[in-house]
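A.B. asks: fold the following and give me the result.
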Amino acid sequence: MLLESVALNTTLGFVVPMESLLPIVVTTLTFVIIGLIVFALAFLVIAKATPFSVRKEIEEDQNVALAVVIASVILGSALIIAAAIHG
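C.D. replies: Numbering: from 1, shown residues only. Just a heads-up that it's a prediction; the model follows:
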């Protein structure tokens, strides 16, 4: 009987009591919002720091190098945020 109740509450190998699910969801949504704000600020800084239009360079001129640089900034920010969340 105990094995069946544990199996019902197991998701992907993790046992999560239903009482503690709400704080986990709230924390996750908080960090998602903070992460999106940081990504938007990083892109805004890149757009303001460059003397040309980032949108025009990527969309019209197909500047792959600029897209790779912006992607690396976003991935770097994601790694920093993930490390901060994980502790």
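A.B. asks: may I see the buried residues of the helix or strand hosting residue 77?
C.D. replies: Using DSSP states H and E, residue 77 sits within helix 64-86. In terms of neighbour count (16 or more other Cβ atoms under 10 Å), helix 64-86 has its buried residues at 66, 70, 77, 81. C-beta coordinates here come from the backbone N, C-alpha and C atoms, glycine included.
A.B. asks: mind checking how far it is from the chain centre?
C.D. replies: Chain-centre distance of helix 64-86: 9 Å, with Cα atoms, centre = their mean, to the nearest Å.
A.B. asks: for the remainder of this discussion, apply numbering that starts at 759.
C.D. replies: Yes, from this point I'll number from 759; that puts the last item at helix 822-844.
A.B. asks: do you know how far residue 803 is from residue 825?
C.D. replies: Residue 803 is 16 Å from residue 825, where distance means Cβ to Cβ, to the nearest Å.
A.B. asks: can you show me the CA trace of the helix holding residue 835 as PDB?
C.D. replies: The C-alpha coordinates for helix 822-844 follow below in PDB (Å, rounded to 0.1, in the frame of the first residue of the first chain):
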ATOM      1  CA  VAL A 822      25.200  35.600 -38.600                       C
ATOM      2  CA  ALA A 823      28.200  36.800 -36.500                       C
ATOM      3  CA  LEU A 824      26.100  39.400 -34.700                       C
ATOM      4  CA  ALA A 825      23.400  36.800 -34.100                       C
ATOM      5  CA  VAL A 826      26.000  34.500 -32.600                       C
ATOM      6  CA  VAL A 827      27.300  37.300 -30.300                       C
ATOM      7  CA  ILE A 828      23.800  38.100 -29.100                       C
ATOM      8  CA  ALA A 829      23.100  34.400 -28.500                       C
ATOM      9  CA  SER A 830      26.300  34.000 -26.500                       C
ATOM     10  CA  VAL A 831      25.300  36.900 -24.300                       C
ATOM     11  CA  ILE A 832      21.900  35.300 -23.700                       C
ATOM     12  CA  LEU A 833      23.400  31.900 -23.000                       C
ATOM     13  CA  GLY A 834      26.000  33.500 -20.600                       C
ATOM     14  CA  SER A 835      23.200  35.300 -18.800                       C
ATOM     15  CA  ALA A 836      21.200  32.100 -18.600                       C
ATOM     16  CA  LEU A 837      24.200  30.200 -17.100                       C
ATOM     17  CA  ILE A 838      24.700  33.000 -14.500                       C
ATOM     18  CA  ILE A 839      21.000  33.000 -13.600                       C
ATOM     19  CA  ALA A 840      20.900  29.100 -13.400                       C
ATOM     20  CA  ALA A 841      24.000  29.100 -11.100                       C
ATOM     21  CA  ALA A 842      22.400  31.800  -8.900                       C
ATOM     22  CA  ILE A 843      19.200  29.800  -8.600                       C
ATOM     23  CA  HIS A 844      20.900  26.500  -8.000                       C
END
